[in-house]
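1. Build me a structure from this.
(one chain, ligands or ions: 3)
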Amino acid sequence: MFSAFPAGRFELSSYNLKNRIAVGDFVTVREQKGKEPLITDILPRKNKISRKITFTNKEHTIAANIDEASIVVAPNPILKRGLVDRFLCACNSEGIPLFVVINKADLLEPNEIEDFKKIYEEYGLKVFVTSALNKRGFDELSDYLKNKWVLLVGHSGVGKSSIANVLCPEANFKVGDVDEDSLKGKHITTSATAVKLPNGGFLIDTAGLREFALYNVSQREIQGAFLNIDRLSYNCKFSNCTHRNEVGCAVIDALTKNDLGVEEYNSYLTLLKEANDITK
Ligand SMILES: Nc1nc2c(ncn2[C@@H]2O[C@H](COP(=O)(O)OP(=O)(O)OP(=O)(O)O)[C@@H](O)[C@H]2O)c(=O)[nH]1
Ligand SMILES: [Mg+2]
Ligand SMILES: [Zn+2]
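-> Numbers count the residues shown, from 1 in each chain. Ligands and ions are numbered 1, 2, ... in the order given. Okay, here's the model as predicted:
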């Protein structure tokens, strides 16, 4: 492993991008006598996970060329539904499989773990249960990660860096406390870093997410993240129904009959509204 510096035309940011190069990018480099090698080109990406930075509307590419992404959750800080929905939309739009790691299992009773698991299994997501504190639950996860590039995201303080340290002790990432009053993390990790896993593959530890605004995601991709809405949509009168106010909408029909959860529908509407000013 060595460090390299981007050539002038790959300056770190540009008018609509927060970063030109992201973790996971393949680049070409040119050696320079007495200086760090120069990054001369960025190779085409197979995918990327991006978010929109609010206010500037710039694209922040969190990572590129990833095989799978994982959202890490824990009993503290607790996760709101919105972040899972948003992240799932971003993954769906790039064809990236998403799985969930429930960390800090040592703080939960067995029946609480089962209830927690169910939330994400209802999304159709694979769920792993770990305790980075007791180093439990890592055999299955470690097998699953083998030879893949995997991105870890989640709120600050859920234990992403602690998980990376168990899977790859050499990483020696800094970990931080969760504030006892607010039960929020202290944003210890500030940038995305990839570590090589002993069994092959790479794990990308990232900074805790405060928000995740969608960048360049279509209505269809948003719908795909909401399993019940997606399933119901086959019975809508119009194939391009957006399930807001169309005649013969099976989604609205299910909502009025209480066959669809209001929370799921509202989350869908929020994301759709957000994506409306985005062209795709
Ligand atoms: N009880 C318990 N505590 C844990 C576990 N994993 C991590 N922690 C604690 O949770 C706190 C936050 O851990 P980090 O690994 O820094 O969390 P992070 O997700 O990387 O946070 P940011 O870098 O801020 O995004 C630390 O005090 C850890 O010791 C666990 O499995 N059980
Ligand atoms: Mg961290
Ligand atoms: Zn509809």
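2. Flag the shaky bits of the chain, pLDDT-wise.
-> The chain contains residues with pLDDT under 70 at 9-14, 277-280.
3. Contact residues of it facing ligand 2?
-> Residues of the chain found near ligand 2, taking C-beta under 5 Å from the ion as the criterion, are 160-161, 188-189. All C-beta spots, glycine's among them, are computed from the backbone N, C-alpha and C.
4. ok, which pair from the residues you listed is furthest apart?
-> Within the residues of the chain next to ligand 2, two members stand farthest from each other by C-beta to C-beta: 160 and 188, at 9.6 Å.
5. domain assignment for the chain?
-> Segmentation of the chain into domains, based on automatic domain parsing, reads 5-42, 48-205, 219-275.
6. so which of those is the most packed in?
-> For those, the largest average neighbour count (mean count of other C-beta atoms under 10 Å) is found in domain 48-205, namely a mean of 18.
7. What is the end-to-end distance of that one?
-> Between the opening and closing residues of domain 48-205 we find a distance of 15 Å, counting by C-alpha to C-alpha, to the nearest Å.
8. Quick check: residue 29 vs ligand 2, distance?
-> In this structure, residue 29 and ligand 2 are 28 Å apart, going by C-beta to the ion, to the nearest Å.
9. And residue 256, by the same measure?
-> Look at residue 256 and ligand 2: by C-beta to the ion, they are 44 Å apart.
10. same deal with residue 79?
-> Residue 79 is 16 Å from ligand 2, where distance means C-beta to the ion.
11. For residue 146, see how far away the nearest residue to that residue once chain neighbours are set aside is.
-> Spatial nearest neighbour of residue 79, chain neighbours left out: residue 73 (4.6 Å); criterion: C-beta to C-beta, 6 or more residues apart in numbering. Distance of residue 73 to residue 146, given as C-beta to C-beta, to the nearest Å: 23 Å.
12. For ligand 3, which of the domains of the chain is the nearest?
-> When the domains of the chain are ranked by distance to ligand 3, counting by C-beta to the ion, first place goes to domain 219-275 at 3.3 Å.
13. joint contacts of residue 160 and residue 188?
-> residue 208 (C-beta atoms under 8 Å, 6 or more residues apart in numbering).
14. residues in the stretch 51-200 of the chain within reach of ligand 1, list them.
-> For the stretch 51-200 of the chain, the residues in contact with ligand 1 under the definition C-beta under 6 Å from any ligand atom are 103-104, 106-107, 131-133, 154, 156-162, 175-178, 185-189.
15. Looking at the residues you listed, which are in helices?
-> Among those, the subset assigned to helices under DSSP state H consists of 160-162.
16. With distance to residue 275 added, can I get those residues in TSV?
-> Output for these, formatted as TSV (distance: C-beta to C-beta, whole Å):
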residue	distance to residue 275
160	27
161	31
162	34
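17. Out of those, which comes closest to ligand 2?
-> Distances from those to ligand 2 were compared by C-beta to the ion; the smallest belongs to residue 161, at 3.2 Å.
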